[in-house]
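Trainee: Give the three-dimensional model of this entry:
(chains A, B and C)
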Amino acid sequence: MNQVERGACELHEMDELAARQSPIHSLCPLAKLLTTIAYLVTVLSFRKYDLSGVTVMLLYPVLLFQLSGIPVRTCFHKLRFVLPLVMAVGLFNPFFDRQPMLTLGALTLSGGVISMLTLMLKGVFCLMTAFLLMATTSIDALCAALRRLRLSGMPVTLLLLTYRYVGIMAEEAAAMTDAYHLRAPGQRGIRFSAWGSFLGQLLLRSMDRGSELYSGMQLRGFRGEFHYAAMKPWRWSDTVYLTVCVALFLVFRLFHLAQLLGSLLVR
Amino acid sequence: MIEFQNISFAYEKERPVLSNLSFCIREGENVGLIGANGAGKSTVMKVLLGLLKAEGRILVDGTEVTKGSLTEIRRKLGFVLQNSDNQMFMPTVYEDMIFAPLNYGLSRTEAEERVDKALEKLGLQELKHRHNHKISGGEKRMAAIATVLAMEPEVILMDEPTSALDPYNRRIVINTIRSLPQTKIITSHDLDMILDTCDRVILLSGGELAADGPADAILRDRALLEAHRMELPLCLGGARRQG
Amino acid sequence: MHMADALLAPAVAATMYVCSGTAAGISAHKLRKEENPQKLPTMAVTAALVFAGQMINYTIPGTGSSGHLCGGMLLSALLGPQAGFLSMIVILTIQCLFFADGGLLALGANVWNMAFYGCFVGYYLIWRPILRSGLFACAEEKTGQRARVILASILGSVVSLQLGAFSVVLETGLSGITELPFGAFVLLMQPIHLAIGLIEGLITAAVLVFVYESRPELLQDVDASDSGVSAKRSLRATLVILAVVAAVVGGGLSLAASSNPDGLEWALFGNTEAGYSENMGLDEETFGLSSSASETAGAIQEVTSVLPDYAFPDSESPAGTTVSGLVGSAMVAGVALLICAAGGFFRKRRANSAQEQ
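Mentor: Modelled structure (predicted):
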């Protein structure tokens, strides 16, 4: 399986995860979207040395994983390429910020190490939550939610249509890549002389396909607006979910919960 | 020549595409690989070409298909894709045909010779300098076969070689296939074409081997074909439904 | 160049959302006024294609490594800047949602860095002036046009990637996240993205030349008929382009330089590559000019980096990094494990009861 094919597969896997059933899956997408945004903002607003403050935010994704039945392993497996990049962000901090901040017996942690760890945790938490949103919500439902936020129809329609065609174009690109490599042994990529025609051929065909697609849409009475899959109505449970979550985030942010918990045990 | 030993493959664990498939193809045989949609025909091709990694062993001329032997094996196998557009990614027919020979280390003169030989064999000399996106569907299919012939493979694999062709071009392609001396493996739903071009048929069903034998016998076996969601070839009365 | 959520402070992320959102709104409005309904499916399919094209490896001649395509310049040359911009947004959104390339909150910033420059700056300041200019007018019509396509693609990609990379540095700096000094960060980012921009430009040029030769009508601003008239503008257009490039590179570098003198020294003079400042067309006088810009930047930085502190006053201790804080964190982890165990227990019980039925 080549790289392009794998990409298409990953999209497909997310669709399947989103089609499962669970209490989280059945929430209104708008509620999930708003909660996720609130979570991200809260996590990012922690100060850069507030390691123990950020750890408390772990509870939300963990709870969500359990309620939605999405395996944690799947999440980390899918994010295996992105995670190292996110983790690399703070790698420089220990070199520039050497002021000792915390002493644990013989171990002294500098400010740089603390801020690096905080940054890494922030990155991982944000990734997990965004993943959980998409693993429990289909793209159609999310687009419907965006429409409800009064986002202009055209970009949302474009998003749906593009998503629909990404699979098809990826399949064609994958077949072409296979065809290339079958006749070009030992080459890892597309070589320079074929750059233009490789993507160019595909491009010309896709432009033609675009106009074909348009006739197809027109023939079935398209007038510039899609009809979205019946939107899940906003119910009481959604209001409760959103308010409880946001309230919890605020509590986590405003009160130093880890500190309080810890002080129960240690002096 | 080609040997499949207990080949299994699955994209996702729960849904196997091929399960425990074993067969052997001898040199010079023309094998039709048939089966309903989703039976695993294309996967067999991809596994054989090393595009997908399956469980079990595949031998080509006694060499196992592994990552290390891919170059050697792919040199022996020429694959004609179902969609010729995907096969022809260079600007002109000529550049596309010379692409593989140059990659396999031939000098330009040798490669040119091969291109001319292949074009002549298929009678396509006038297509040589045409642009790939400006030739008709039938010409494109023939040109795609020519690009593979220019590699001078020992085995030719074809995925639906007659799909989307008019009767005239379909006949040209069938005659071309018949005139090629190499070992051939052809997947298709066009059973009449299989009957015309193959002497042996392998019937796949749900990723398993359902039947393997002479084309004549299998393609005449209405009960067997219908049990696996297929119909008799038209020339044997396939279109006339009972009752 | 995708930025992760963790790189941005909420205030910066929100600002970038507003910027990108405004540009998107204007683009959508303009496209709606154009009333070309056929454009939508074409945009979708082309965006899908560029998405697939991004996953292909392109072998860089002379090296063993491979490069990739980003596509902003390519899309705006094919669809026009507004449609190209919206298509890029869609691509970045799908990447963000399904491949976790760039975070949900960072999407606004990513759109700005990767789509805005390529589509608008690349198009209006580089693609259109060059293609309509009389550059290479002495050559044969077709050869000249091809040369213009190549030049515009490469220059456009390089400039927009430089701007994008610089914005990444700026946004991260304003967020006050990394300890890496501003100047050092710039020095890390810009040369890398010069290389990336070149590759991007070469791929874009290769594809566009192919399209030009096969179906020239698909390209924006390629119109063979008016080249005679515009030949006069040749010199002016060239000067404009050169000035834009110089201003962008010079302005960017000097902004970086003056806001962080140490970084500057390291960047321009302390570095062993003595020719660096000359190569960039910079002399010592130029970067004195932009001190006001850097002051503004500094002021913004102060505001934004202080914001989170004021918004959420902390309970005690400078950082909450005390031993009890850590013990508390460990307890949180314990609670998390407990939740997992409970979840597993309930699922198993449900599965069992389902089996019994």
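Trainee: going forward, measure contacts and count neighbours with C-alpha atoms only.
Mentor: OK.
Trainee: so what pLDDT did residue B:62 get?
Mentor: For residue B:62, the model assigns a pLDDT of 90.
Trainee: scratch that, residue C:281
Mentor: pLDDT, read off for residue C:281, is 33.
Trainee: And the strands in chain B, which stretches?
Mentor: Along chain B, counting by DSSP state E, strands occupy B:2-12, B:15-25, B:30-34, B:55-60, B:63-64, B:77-80, B:155-159, B:183-187, B:200-205, B:208-214.
Trainee: next one: chain A
Mentor: Per DSSP E, chain A carries strands over the ranges A:100-104, A:107-110.
Trainee: Show me what the last one pairs with in its sheet, parallel or antiparallel.
Mentor: Each strand paired with strand A:107-110, and its direction, by DSSP bridges: strand A:100-104 (antiparallel).
Trainee: still on that earlier bit, so can I have TSV of the strands of chain B showing mean neighbour count?
Mentor: TSV is the format used below for the strands of chain B (neighbours: other CA atoms under 10 Å in any protein chain shown):
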stretch	mean neighbour count
strand B:2-12	18
strand B:15-25	17
strand B:30-34	26
strand B:55-60	18
strand B:63-64	16
strand B:77-80	25
strand B:155-159	23
strand B:183-187	23
strand B:200-205	23
strand B:208-214	16
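Trainee: if we compare those strands, which one ends up closest to residue C:47?
Mentor: strand B:2-12 (27.0 Å; CA to CA).
Trainee: Which residue, neighbours along the chain excluded, lies closest to residue 72?
Mentor: I'll assume chain A. Excluding its sequence neighbours, the residue lying closest to residue A:72 (CA to CA, 6 or more residues apart in numbering or on different chains) is residue A:65, at 6.7 Å.
Trainee: To clarify, I was referring to chain C.
Mentor: Counting by CA to CA, 6+ apart, the residue nearest residue C:72 is residue C:118, at 4.8 Å.
Trainee: so that neighbour sits in a helix?
Mentor: Yes - applying DSSP: H, G, I helix; E, B strand; the rest coil, one finds residue C:118 inside a helix.
Trainee: Number of residues surrounding it?
Mentor: Look at residue C:118: counted by other CA atoms under 10 Å in any protein chain shown, it has 33 neighbours.
Trainee: that older thread, surely the residue nearest to residue A:72 and residue A:71 touch.
Mentor: Yes - look at residue A:65 against residue A:71 with CA atoms under 8 Å: they come within range, at 6.8 Å.
Trainee: who's more crowded, those two?
Mentor: Each of residue A:65 and residue A:71 has its neighbours counted (other CA under 10 Å); residue A:65 has more, 21 against 12.
Trainee: what residues are up against that one?
Mentor: Residue A:65 is in contact with A:71, A:72, A:132, counting by CA atoms under 8 Å, 6 or more residues apart in numbering or on different chains.
Trainee: Show the contacting residues for residue A:48.
Mentor: Residues in contact with residue A:48 (CA under 8 Å, 6+ apart) are A:115, A:118, A:119, C:177.
Trainee: try 7 Å
Mentor: Taking CA atoms under 7 Å, 6 or more residues apart in numbering or on different chains, we find residue A:48 in contact with A:115, A:118.
Trainee: near chain C, which residues of the stretch 1-150 of chain A show up?
Mentor: Proximity of the stretch 1-150 of chain A to chain C, by CA under 7 Å from any CA of the partner chain, involves residues A:3-4, A:11, A:41, A:44-45, A:49-52, A:55-56, A:59, A:62-63, A:66, A:82, A:86, A:90, A:92-93, A:96-97, A:102, A:119, A:122-123, A:126-127, A:130, A:134.
Trainee: so can I have TSV of the strands of chain B showing distance to residue B:238?
Mentor: Shown next, in TSV, are the strands of chain B (distance: least, CA to CA, whole Å):
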stretch	distance to residue B:238
strand B:2-12	31
strand B:15-25	28
strand B:30-34	15
strand B:55-60	35
strand B:63-64	40
strand B:77-80	27
strand B:155-159	22
strand B:183-187	19
strand B:200-205	17
strand B:208-214	18
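Trainee: In a markdown table: those, plus distance to chain A.
Mentor: Converted to a markdown table, these look like this (distance: least, CA to the nearest CA, whole Å):
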| stretch | distance to chain A |
| --- | --- |
| strand B:2-12 | 9 |
| strand B:15-25 | 14 |
| strand B:30-34 | 20 |
| strand B:55-60 | 14 |
| strand B:63-64 | 17 |
| strand B:77-80 | 8 |
| strand B:155-159 | 12 |
| strand B:183-187 | 16 |
| strand B:200-205 | 22 |
| strand B:208-214 | 21 |
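Trainee: Report the central residue of chain B.
Mentor: Centroid-nearest residue in chain B, with CA atoms, centre = their mean: residue B:158, separated by 1.6 Å.
Trainee: how close does the residue nearest to residue A:72 sit to chain B?
Mentor: Distance of residue A:65 to chain B, computed by CA to the nearest CA, to the nearest Å: 22 Å.
Trainee: Just list whatever residues bridge to residue B:10.
Mentor: Residue B:10 has the following beta-bridge partners by DSSP bridges: residue B:16.
Trainee: That one and residue B:17 touch, don't they?
Mentor: Yes - Residue B:10 is within contact range of residue B:17, at 5.1 Å (criterion: CA atoms under 7 Å).
Trainee: Counting neighbours, what do you get for residue B:27?
Mentor: Residues lying near residue B:27 (other CA under 10 Å) number 13.
Trainee: and the gap between it and residue B:136?
Mentor: Going from residue B:27 to residue B:136 by CA to CA, to the nearest Å gives 34 Å.
Trainee: Same check on residue A:97?
Mentor: For residue A:97, the distance to residue B:136 - CA to CA - is 67 Å.
Trainee: Just give the nearest non-adjacent residue to residue B:232, would you?
Mentor: Spatial nearest neighbour of residue B:232, excluding adjacent residues (CA to CA, 6+ apart): residue B:238 at 4.1 Å.
Trainee: Would you mind giving me the confidence score for that neighbour?
Mentor: 70.
Trainee: Residue B:225 is in contact with that one, correct?
Mentor: No - taking contacts as CA under 7 Å, residue B:238 lies outside contact range of residue B:225: 10.4 Å.
Trainee: what do those two both touch?
Mentor: In contact with both residue B:238 and residue B:225: B:231, B:232, using CA under 7 Å, 6+ apart.
Trainee: So which bits of chain B are right by chain A?
Mentor: Selection of chain B residues close to chain A by CA under 7 Å from any CA yields B:51, B:52, B:71, B:74, B:86, B:87, B:89, B:90, B:91, B:100, B:103.
Trainee: What's the local residue count around the closest residue to the second one other than its chain neighbours?
Mentor: Closest residue to residue B:52 in three dimensions, ignoring its sequence neighbours and counting by CA to CA, 6+ apart: residue A:1, at 5.2 Å. The local packing of residue A:1 (other CA under 10 Å) involves 15 other residues.
Trainee: Correct me if wrong: residue A:1 contacts residue B:54.
Mentor: No - the criterion here is CA under 7 Å, and residue A:1 misses it with residue B:54 at 10.8 Å.
Trainee: No further questions, thank you.
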